[in-house]
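Colleague: give me a model of this one.
(one chain, ligands or ions: 1)
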Amino acid sequence: MTATVIDGKAFAAKVRGKVAEHVARLKSEHGITPGLAVVLVGEDPASQVYVRSKGKQTVEVGMNSYEHRFDADISETELLETIRQLNNDPDVHGILVQLPLPKHLNEDLVINSIDPAKDVDGFHISNVGLLGTGQKSMVPCTPLGCLMMLRDHHGSLSGMDAVVIGRSNIVGKPMAQLLLGDSCTVTIAHSRTKDLAGVVRRADIVVAAVGRPEMVPGDWIKPGATVIDVGINRVDKPEGGTRLVGDCQFDSCAAVAGAITPVPGGVGPMTIACLLANTVTACCRANG
Ligand code: GUN
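Modeller: Just a heads-up that it's a prediction; the model follows:
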């Protein structure tokens, strides 16, 4: 293996440390404790794990954590009323509605009912527009974490060829906007892209965010390129049990790449660290 393995776990711990220092200062100098409200609808096991982890880490950095759990059959009216109350609560600086929502709820309507200033996920249409036009916004946590690792590794990204595989609103599209903002030449590839291998081979930076286990083999990677693997896929092991893998074949990609994020321990831990950082940012903006 030749690639440097980017340690997202250690990086995230550093980010959380800085957040904790900032929170302590807000408390001692201004008497303010940032608060993050997380809304979970239904019993999706993966969502429950994420929400528990978010709540735990929020408290660990000294912030207030508010959890609102609802049965899967909650009405849209009741959910919107909860968000209205959180929007008006001065102790709540960040609001996150865990996705996906049950099918009978209009996800766009729900997300767009969050006060954009409290939208720490950066999913509200106003924040999407602000990011797209290069204005100050709330930036989605996973792409923000990827950008921080890329900047840390490379310094400037200016002029680099970046390929983002995946066009989701949560990762692919905002990731492309952030890379463009850092003056990369950006291609968004997706399931209909012709000659995906050829497109990826041109890239100095590959961000894989498709949710397909080990889809990207090492021979798609340009020697020395940086590979950011956003995928977290649980697959069966031949001997029984399961293991987590990314969207990239780690061993073959690491053999050619200059740097690569592992799964687990790469992008994953950075997402919650960035959520905490966004909550502090929202709190500071709310308090001038
Ligand atoms: N579900 C999967 N990823 C995310 C995320 O980043 N934010 C929210 N709210 N839901 C998610």
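
Colleague: burial check on residue 164, number of neighbours?
Modeller: 32 (other C-beta atoms under 10 Å). All C-beta atoms are positioned from the backbone trio N, CA, C, and that covers glycine.

Colleague: any idea how far residue 240 lies from the ligand?
Modeller: Going from residue 240 to the ligand by C-beta to the nearest ligand atom, to the nearest Å gives 28 Å.

Colleague: repeat that for residue 109.
Modeller: Residue 109 sits at a distance of 15 Å from the ligand (criterion: C-beta to the nearest ligand atom).

Colleague: quick one, what contacts the nearest residue to that residue once chain neighbours are set aside?
Modeller: Setting aside the residues directly before and after it, residue 109 is nearest to residue 76 in space (C-beta to C-beta, 6 or more residues apart in numbering), at 7.2 Å. With contact taken as C-beta atoms under 8 Å, 6 or more residues apart in numbering, residue 76 is in contact with 104, 105, 106, 109, 110.

Colleague: again with residue 73
Modeller: Neighbour list for residue 73: 102, 104 [criterion: C-beta under 8 Å, 6+ apart].

Colleague: then it would be within a helix, right?
Modeller: No. Read with DSSP: H, G, I helix; E, B strand; the rest coil, residue 73 is coil and lies in no helix.

Colleague: quick check: domain ranges of the chain?
Modeller: 31-115, 141-268 (automatic domain parsing).

Colleague: quick check: which of these is nearest to residue 9?
Modeller: Closest of the domains of the chain to residue 9 is domain 141-268, at 4.6 Å (criterion: C-beta to C-beta).

Colleague: tell me the secondary structure of the residue of the stretch 51-200 of the chain found nearest the ligand, please.
Modeller: Going by C-beta to the nearest ligand atom, the ligand is nearest to residue 99 of the stretch 51-200 of the chain, at 3.7 Å. Taken by three-state DSSP, the conformation at residue 99 corresponds to coil.

Colleague: now it. Nearest residue, chain neighbours left out?
Modeller: Per C-beta to C-beta, 6+ apart, closest to residue 99 is residue 107, 6.6 Å.

Colleague: if we can go back for a sec, how close does the residue nearest to residue 109 get to residue 51?
Modeller: From residue 76 across to residue 51, the span is 20 Å (C-beta to C-beta, to the nearest Å).

Colleague: cool, and residue 221?
Modeller: For residue 221, the distance to residue 51 - C-beta to C-beta - is 35 Å.

Colleague: who has more neighbours, these two?
Modeller: With neighbours defined as other C-beta under 10 Å, residue 221 and residue 51 compare such that residue 221 has more, 27 against 19.

Colleague: burial count for the closest residue to the more buried one other than its chain neighbours?
Modeller: In space, residue 221 comes closest to residue 256 once its chain neighbours are excluded; the distance is 4.7 Å by C-beta to C-beta, 6+ apart. Counted with other C-beta under 10 Å, the neighbours of residue 256 add up to 20.
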